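[1] coords please:
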Amino acid sequence: MKSPKKQIANPVVMLQAKSLVAILLLMAILFFPGQLLASGFIIYNQDAKADGMATAVTSSIDNPSAIFYNPALLPDQPGFGVSINDTMVMPSRTFKDAATGTTADLKPTTHHVPSLFAKYTRDRFSVGIGVYSPFGLSADWGRNWIGRYSATFSQLKATFVTPTVAYKFNDRISVGFGVSYVDSSVELQSAIPLTPFPDGEAKLSGDGSGVGANAGIRMKLPQDYTLSFTARSPVKIKYDGTANFYTPTLFKALMPQLRDTDASTTITLPWQMTAGLAKNIGALTLETDVIYMGWSTIDQYTARFSDGRSPVTYLKDWHDAFSFAIGANYRWSKSFETQLGYMYDMSPVPRRTLTPDLPDADKHILTGGIGYMKGPFKANLAYQATFFQKVSSVNNTVGAPAGTYDQFIHMILFTLSYTR
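    Residues are numbered from 1 along each chain as shown. The predicted model follows:
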């Protein structure tokens, strides 16, 4: 192959260099599943009652989803219990190009994110298991929008299986602990610039798994206060994937970087700490929670390829972030209760690394819900409205389209529980 200096005047080689930059960016995006979700990595909405209180339930959740929110609360729930939940996520996102004013809309869709929790408590000891999907969304911008060289379609799936144990030392203190096996997959599709020819297409996919842990402690205080703390460990996941490029044969012959290959990388998902203080006032329960996410684990990552090409290191530079939530539950009778909540969720994503897969921004979240109980059965329904602040990617340094994102998310949750 000729040296770069001798090839500068060759338009085919200039096209090759342009394509290489885009493809390496795509390779890096493939191995960063957190980009696919608003609010960072985690869908914290695994139960309708919890969501109705803006997930401010670390000290007060009273159903089997405590396996997710705080396992130390399980011993407060005697006997057997099981709950199933469906979280329906309906995102709306518009991008306005800074140079032309052209707008593009995310294709409308409804994502179903299910969860299942089961527990059994005898005396002071509880065991349980949770199967839930804190990741499970996709984003489809279509093949012709201005940011098609960053992403046209992206999808992340993950399943957590979490066996859990908990123990109540006395009426004031209980603890809980869980271990999660995480199975994850990710897919990204993007256009490849082949000017003056029609765009090519890249389809990238990867699978990985990892192990994490979570723990909680619940302390009952005087005057019907309850204070709780929970922690989640980071989860290290190695993704092994393939990159398939759909271009004319001529381009594959001229550009080795357009040939199909295997690739891999390792990502460490962030740790989390939560503190929650609840107060019972007769039939009213109030709680406020503070959540601190260790997003700084997402600093940079490296994609490695099986065909001998040089590894690619991609800078993210995310920072740790707080969320603040307050929720209320009022029990009108033995059969009927209602919830209200508010959360302020801070984004961990700097604008200089903002991409269309996750154009995250600070959010105001409003929630409400209702619950009805009949014998051993209970049904809860909740609604969440997520208002994003507008965010600009004009000063991004990672090759993403420059413009402004305007976003909103509707979310509906339905949970059915059985206890005896």
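[2] all helices for the stretch 251-400 of the chain, in order.
    Counting by DSSP state H, counting those that start in this stretch, one finds no helices in the stretch 251-400 of the chain.
[3] okay but Ala98 is in contact with Thr404, surely?
    Yes: applying CB atoms under 8 Å, one finds Ala98 in contact with Thr404, separated by 7.0 Å. The C-beta positions use only the backbone N, C-alpha and C, and glycine is treated the same way.
[4] so what sits against both of those two?
    By the contact definition CB atoms under 8 Å, 6 or more residues apart in numbering, Ala98 and Thr404 are jointly contacted by 392, 394.
[5] give me the number of residues near Ile173?
    Neighbours of Ile173 under the rule other CB atoms under 10 Å: 13.
[6] any idea what it is bridged to?
    Counting by DSSP bridges, Ile173 is bridged to Met219.
[7] what of the one 4 residues further on?
    Under the criterion DSSP bridges, Phe177 forms beta bridges with Val165, Ala215.
[8] distance of it relative to Phe324?
    Distance check for Phe177 against Phe324: by CB to CB, to the nearest Å, it reads 26 Å.
[9] can you tell me how far Thr288 is from Asn280?
    14 Å.
[10] likewise for Thr274?
    Thr274 is 20 Å from Asn280, where distance means CB to CB.
[11] the two: which is more packed in?
    For Thr274 versus Asn280, neighbours defined as other CB under 10 Å are more numerous around Thr274 (25 against 15).
[12] quick check: the more buried one vs Met411, distance?
    According to CB to CB, Thr274 stands 20 Å off from Met411.
[13] repeat that for Ala99.
    Taking CB to CB, one finds Ala99 at 33 Å from Met411.
[14] between the two, tell me which one has more neighbours.
    The neighbour comparison of Ala99 against Met411 (other CB under 10 Å) goes to Met411, with 21 against 10.
[15] nearest spatial neighbour of the more buried one, skipping sequence neighbours?
    Gln384 (3.9 Å; CB to CB, 6 or more residues apart in numbering).
[16] one more: Ala166?
    Gly176 (3.5 Å).
[17] try Lys107
    Using CB to CB, 6+ apart, the nearest residue to Lys107 is Asp140, at 4.3 Å.
[18] likewise for Asp171?
    Per CB to CB, 6+ apart, closest to Asp171 is Lys220, 6.6 Å.
[19] now swap in Thr55 and tell me
    Spatial nearest neighbour of Thr55, excluding adjacent residues (CB to CB, 6+ apart): Tyr44 at 5.1 Å.
[20] Gly368 now?
    Leu340 (5.3 Å).
[21] count of neighbours near that neighbour?
    16.
[22] for the one 10 residues further on, same thing?
    When neighbours are defined as other CB under 10 Å, Pro350 has 16 of them.
[23] coming back round to it: quick check: beta-bridge partners of the residue nearest to Gly368?
    Ala328, Gly368.
[24] so what's Phe322 up against?
    Per CB under 8 Å, 6+ apart, neighbours of Phe322: 290-293, 346.
[25] hey, what's it bridged with?
    The partner list for Phe322 in beta bridges (DSSP bridges) reads Tyr292.
[26] what of Gly79?
    The residues listed as beta-bridge partners of Gly79 by DSSP bridges are Thr121.
[27] might one say that it is in contact with Thr419?
    Yes: with contacts defined as CB under 8 Å, Gly79 counts as touching Thr419 at a distance of 6.3 Å.
[28] and the two? which has more neighbours close in?
    The residue with more neighbours, out of Gly79 and Thr419, is Thr419; 19 against 11, by other CB under 10 Å.
[29] that one and Ala139, how far apart?
    Taken as CB to CB, the span from Thr419 to Ala139 is 38 Å.
[30] could you count how many residues lie near the residue nearest to Ser347 when sequence neighbours are not counted?
    Sequence neighbours aside, Asp360 is the residue nearest to Ser347 in space, at 4.3 Å (criterion: CB to CB, 6+ apart). If you count neighbours by other CB under 10 Å, Asp360 ends up with 26.
[31] what backbone torsions are found at Asp360?
    Here is the backbone geometry of Asp360 (degrees, to the nearest 10): phi -70, psi 160.
[32] quick one: the helices in the stretch 51-200 of the chain?
    So, for the stretch 51-200 of the chain - with DSSP H, counting those that start in this stretch - the helices run 66-69.
[33] hmm, Gly327 and the residue nearest to Gly368 touching each other?
    Yes: judged on CB under 8 Å, Leu340 makes contact with Gly327 at a distance of 7.0 Å.
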